[in-house]
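1. I would like the atomic coordinates for the input below:
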Amino acid sequence: MRRVVRFRPAPATVIALIALFVALGGTSYATFAVPKNSIASPQVINGSLQTVDLSQRTRAALKGSSGQQGPQGLQGVPGAQGFTGPQGVQGAPGAPGATGPQGATGPKGDTGSQGPKGDTGAPGGVLRTLPSGESESGAWATGDSTSGEYLAINFPIPLASGLPAANLHFMGLSTSAACPGAGQAAAGHLCVYAGPGRNHLTFFFFDDPINGSADSNAAPFGVNMYLYAGASTDTAGGSWTVTAP
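-> Below is the predicted model of the structure:
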């Protein structure tokens with residue numbers, strides 16, 4: 001059987017024919033129009049229509065759903081390092097921070113080396129003397145003697161000056177205003193007292209240990225006295241007190 005080939009004009013041919021009719025007909029175009037839905041699938045050549053030739057509704061109907069996302073592509077090669085930017089403006093100083101807690105005490109340091117020997121000091125002052133109004137006391141004793149004996153009374157703390165003969169008193173067992181009793185003496189006086197039961201003593205004189213018997217004063221550091229015990233078998237003893245003038 002012989003196959004019949006249908007002729008399908010191209011869309012461009014159809015449009016060209018319409019334009020020809022319009023040009024020839026002039027104002028009679030208004031009375032000529034292409035009937036709605038007159039162009040069907042037989043009049044369209046396959047592949048001749050583009051997306052813009054379709055209505056929005058047709059394009060939406062032809063659009064399928066999105067497929068699954070494909071795998072991530074390989075990482076690109078790093079780009080070249082950019083140029084260093086200019087230095088920024090220096091910021092304002094920050095506020096001082098709070099004071100931190102005190103640290104632990106460190107270990108003890110090593111002992112330092114011995115320093116050099118110091119210079120020799122100035123000579124010291126003289127031996128101190130008994131302050132004015134203060135007293136000091138001592139004891140005296142002698143053995144038996146038939147002709148008398150010298151005794152030395154030494155002041156442990158010397159006086160600032162010696163005492164005159166009028167202020168030297170051998171009291172024995174008696175007392176006076178200047179020598180009211182054992183352990184006592186008026187300021188500037190020396191009082192020599194005999195012990196109990198020594199009333200047989202005979203006193204002769206006081207003697208300055210520096211100038212001898214020619215002067216009966218007391219030196220700043222003491223005085224000598226000469227007395228007689230009374231018999232070869234007698235002994236004598238007692239106490240003395242001196243008060244600084």
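2. in this structure, which spans are helices?
-> 11-25, 56-62 (DSSP state H).
3. comparing these by mean pLDDT, which bottoms out?
-> The weakest mean pLDDT among the helices of the chain belongs to helix 11-25, with a mean of 68.
4. quick check: D208 touching P220?
-> No. The criterion here is Cβ atoms under 8 Å, and D208 misses it with P220 at 10.7 Å. The way it works is simple: take the backbone N, C-alpha and C, and place the C-beta from them, glycine included.
5. more neighbours, those two?
-> Using other Cβ atoms under 10 Å, the more surrounded residue of D208 and P220 is D208, with 20 against 16.
6. near A244, how many other residues are there?
-> A244: 22 neighbours (other Cβ under 10 Å).
7. what of T105?
-> 6.
8. same check on L159?
-> 22.
9. what's the domain layout of this protein?
-> Split into domains by automatic domain parsing, the chain comes to 11-60, 135-243.
10. worst average pLDDT in those domains?
-> Minimum mean pLDDT among those: domain 11-60, a mean of 63.
11. so how many other residues sit close to the closest residue to S137 other than its chain neighbours?
-> Computed as Cβ to Cβ, 6 or more residues apart in numbering, the closest residue to S137 that is not its neighbour in sequence is T241, at 4.4 Å. Around T241 there are 20 other residues, counting by other Cβ under 10 Å.
12. shared neighbours of D208 and P220, which are they?
-> G162 (Cβ atoms under 8 Å, 6 or more residues apart in numbering).
13. buried ones in stretch 167-186?
-> 167-172, 178-179, 182, 184-186 (16 or more other Cβ atoms under 10 Å).
14. nice, that's everything, thank you.
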